[in-house]
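[1] Let's see this in three dimensions:
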Amino acid sequence: MTNYYPEFSPTQPTILGFDPGRDKCGVAVMGLDRQLYYHQIVPADDAIATIDDLRKKFPISLMVMGDQTTAKKWQKQLQEKLLEPLNIIMVDERYSSLEARDRYWQMYPPKGLFKLLPKGMRNPPRPVDDIVAILLIERYLNRLTE
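    Sure, this is the predicted structure:
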């Protein structure tokens with residue numbers, strides 16, 4: 001699922017959010033003004049090529065990446081395989097999946113019978129790794145403004 005907002009053209013540096021995983025990765029691009037430009041879930045095998053492509057489309061100044069399970073392996077791989085080096089900042093990703101489930105319903109309000117289910121019983125109909133990537137960028141920006 002690609003969520004791309006081509007009608008927006010960044011006028012300032014953007015941040016790449018990356019939620020690394022074994023099988024799939026969440027990717028997002030957001031401006032310093034918190035304007036969301038792009039978010040997508042990509043197969044892990046395509047993640048590096050996707051990041052290189054995004055760097056051609058957006059003025060990405062740095063990457064924020066979740067610090068859990070596969071982070072160290074991914075950090076090494078990114079530093080070795082990206083076409084151009086990218087500054088990578090690790091962000092605490094605890095509870096981000098739970099938070100992403102809630103954010104999913106804010107971004108895509110429930111329709112039909114889903115509206116009748118209590119909030120805690122609603123499961124998004126797709127993975128939310130891309131939304132985790134958005135939350136990682138927001139956590140980083142929040143740290144800067146605290």
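[2] quick one: average pLDDT of the biggest helix by length in the chain?
    Identified as the longest helix of the chain according to DSSP state H is helix 129-145. What helix 129-145 shows for mean pLDDT is 95.
[3] Tell me the pLDDT of the residue lying closest to Lys81 once chain neighbours are set aside.
    With Cβ to Cβ, 6 or more residues apart in numbering as the measure, Ile48 is the residue that lies nearest to Lys81, at 5.0 Å, once sequence neighbours are left out. C-beta: built from backbone N, CA, C; applies to glycine. On the pLDDT scale, Ile48 is placed at 96.
[4] Same check on Asn123?
    Asn123 is given a pLDDT of 88.
[5] My guess is it contacts Arg101. True?
    Yes: between Asn123 and Arg101 a contact is recorded at 7.2 Å, counting by Cβ atoms under 8 Å.
[6] mean confidence score for stretch 75-83?
    Rounded mean pLDDT across stretch 75-83 is 92.
[7] buried set for that stretch?
    Neighbour counts over stretch 75-83 (16 or more other Cβ atoms under 10 Å) mark Gln75, Leu78, Leu82 as buried.
[8] Comparing Asn123 and Arg101, which shows the higher neighbour count?
    Arg101 (17 against 12; other Cβ atoms under 10 Å).
[9] Which residue ranges of this structure form helices?
    47-57, 71-81, 96-107, 129-145.
[10] Format those as TSV; extra columns: distance to Lys24.
    Putting the helices of the chain into TSV (distance: least, Cβ to Cβ, whole Å) gives the following:
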stretch	distance to Lys24
helix 47-57	9
helix 71-81	12
helix 96-107	13
helix 129-145	6
